[in-house]
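Peer 1: Dropping the sequence and predicted coords here.
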Amino acid sequence: MTESEKYRLRSADWPADIALLREVREAVFVIEQKVPIELEWDDLDALCEHVLAIDNANRPIGTGRLSPDGHIGRMAVLRSYRRMGVGSAMLSFLLAKATVRKMPEVKLNAQISALSFYERFGFITEGAEFMDAGIPHRKMRLKNI
């Protein structure tokens, strides 16, 4: 466990862990951020590597995914666990997966409110701001991970 035994990370097994992934993603994206549910789930999930953060009571508290083409997405942490290092730990976990796969770069579409989070890891913004599911985003890239 990390952060004083408050949570641990593990690879999620798709589709065995779909209920746990749904619990986090729907709480954050669908309920909190009002993303239409039909935009949240896609066929790419089955092809991605997923990370799952679990609290000390074995409840899911965070998730993210790495696609085969090196795109990180669906990063979500339940509100009550934010600012505890969960997102940073999950991003590091996914970047390590990308390194093992020898990906030369990783890309993501960051919500504007999360730009500084990704910049701390060395991601740089590129292109203009755009809307995705009604939320402003910017493309970001990390080369030579």
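Peer 2: Perfect, thanks for sending it.
Peer 1: Flag every buried residue along stretch 71-81.
Peer 2: Neighbour-count burial for stretch 71-81 flags 71-78, 81 (criterion: 16 or more other Cβ atoms under 10 Å). Heads up, the C-betas are built off the backbone N, CA and C, glycines and all.
Peer 1: Among those residues, name the ones in helices.
Peer 2: Assignment to helices by DSSP state H places none of the buried residues of stretch 71-81 there.
Peer 1: nearest to residue 47, of the residues you listed?
Peer 2: Nearest to residue 47 out of those is residue 71 (Cβ to Cβ; 10.8 Å).
Peer 1: The closest residue to the closest one other than its chain neighbours and residue 7: what is the separation?
Peer 2: Distance criterion Cβ to Cβ, 6 or more residues apart in numbering; nearest residue to residue 71, sequence neighbours excluded, is residue 107 at 5.1 Å. Separation of residue 107 from residue 7 (Cβ to Cβ, to the nearest Å): 26 Å.
Peer 1: if we can go back for a sec, need the buried residues of stretch 71-81 in TSV (columns: pLDDT and distance to residue 113).
Peer 2: Listed next are the buried residues of stretch 71-81 as TSV, based on pLDDT from 0 to 100; distance: Cβ to Cβ, whole Å:
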residue	pLDDT	distance to residue 113
71	97	19
72	98	16
73	96	16
74	96	16
75	97	12
76	97	13
77	97	13
78	97	16
81	94	17
